[in-house]
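1. below are the sequence and a predicted model; questions follow.
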Amino acid sequence: MKRTVKTFFITALLSVVLVSCNSEPSLQRYFVDHQEQPNFISQDLPVSMVKLDKTNFTEEQNEAFNSVRRLNFLGFNINDTNKDVYATELGKVKSILKQDKYQDLMEFSDKGRKILVKYIGDDDEADEVVLFGSAEDMGFAVVRILGSDMSPEKMVTLSEALKTSNLDETQMQEMLDFFK
């Protein structure tokens, strides 16, 4: 009898462990798997290293900026020889971003370029904000924004502030040059 009970509990424990392991692809796993692949560029950037003129930030904008800790960037550069790979990789990223855990925040397109902003979390707090942009002539880029006490509302406030602030673009030049 003891052996049957012991076997039952071990089987139940293993079942719980196996069921709790998520086989669904994640954006974090995609970053790790592709950061050193051909046609990709990857960069991790602590926000403390971003040189930004915050003198005209409001208190809310400053709070939003301070809630962000790290940016993870992954880009794919399209050219004449890798269009099939581009289509496959673009499909993988779009599939990941269609998962239920990603909430829509904003979406817009202009001149064949499409940008999605999504987040993981609830209306009060975002664990992660994701910017995804793609263009048939350039490729695609995914930016994971990680921090603490982030909220979707703060991220919208921060995006408005960044439009009018002076950002030292030399920090981002390597990423921008990749898409030329």
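-> Perfect, I can see it now. Keep in mind that what you see is a predicted model, and the values were worked out from it rather than measured.
2. for this structure, which element, helix or strand, carries the lowest mean pLDDT?
-> Counting by mean pLDDT, DSSP states H and E, the chain has its least confident helix or strand at helix 2-20, which shows a mean of 46.
3. skipping its backbone neighbours, what lies nearest M155 in space?
-> In this structure, M155 finds its nearest non-sequential neighbour in V129, 5.1 Å apart by Cβ to Cβ, 6 or more residues apart in numbering. C-betas here are computed from N, CA, C, even on glycine.
4. for the helix or strand where the one you found lies, packing partners?
-> Using DSSP states H and E, V129 falls within strand 126-135. Packing contacts for strand 126-135, counted by 3 or more Cβ pairs under 8 Å, 6 or more residues apart in numbering; DSSP states H and E, involve helix 83-97, strand 113-121, strand 139-150, helix 152-164.
5. out of those, the one nearest D104 is which?
-> Nearest to D104 among these is strand 113-121 (5.9 Å), distances taken as Cβ to Cβ.
6. go through that closest one and flag the buried ones.
-> By neighbour count, with 16 or more other Cβ atoms under 10 Å as the criterion, the buried positions of strand 113-121 are 116-119, 121.
7. picking up where we left off before, after the least confident helix or strand of the chain, next one along is what?
-> The first helix or strand that comes after helix 2-20 along the chain, using DSSP H and E, is helix 27-34.
8. now that next one and helix 83-97, what's the angle there?
-> With axes from the mean of the first three to the mean of the last three Cα atoms, to 10 degrees as the basis, helix 27-34 and helix 83-97 are set at 160 degrees to each other.
9. got the phi/psi numbers for I41?
-> phi -130, psi 140 (degrees, to the nearest 10).
10. report pLDDT for it.
-> I41 is assigned 92 on the pLDDT scale.
11. hey, what's it bridged with?
-> Judged by DSSP bridges, the bridge partners of I41 are G75.
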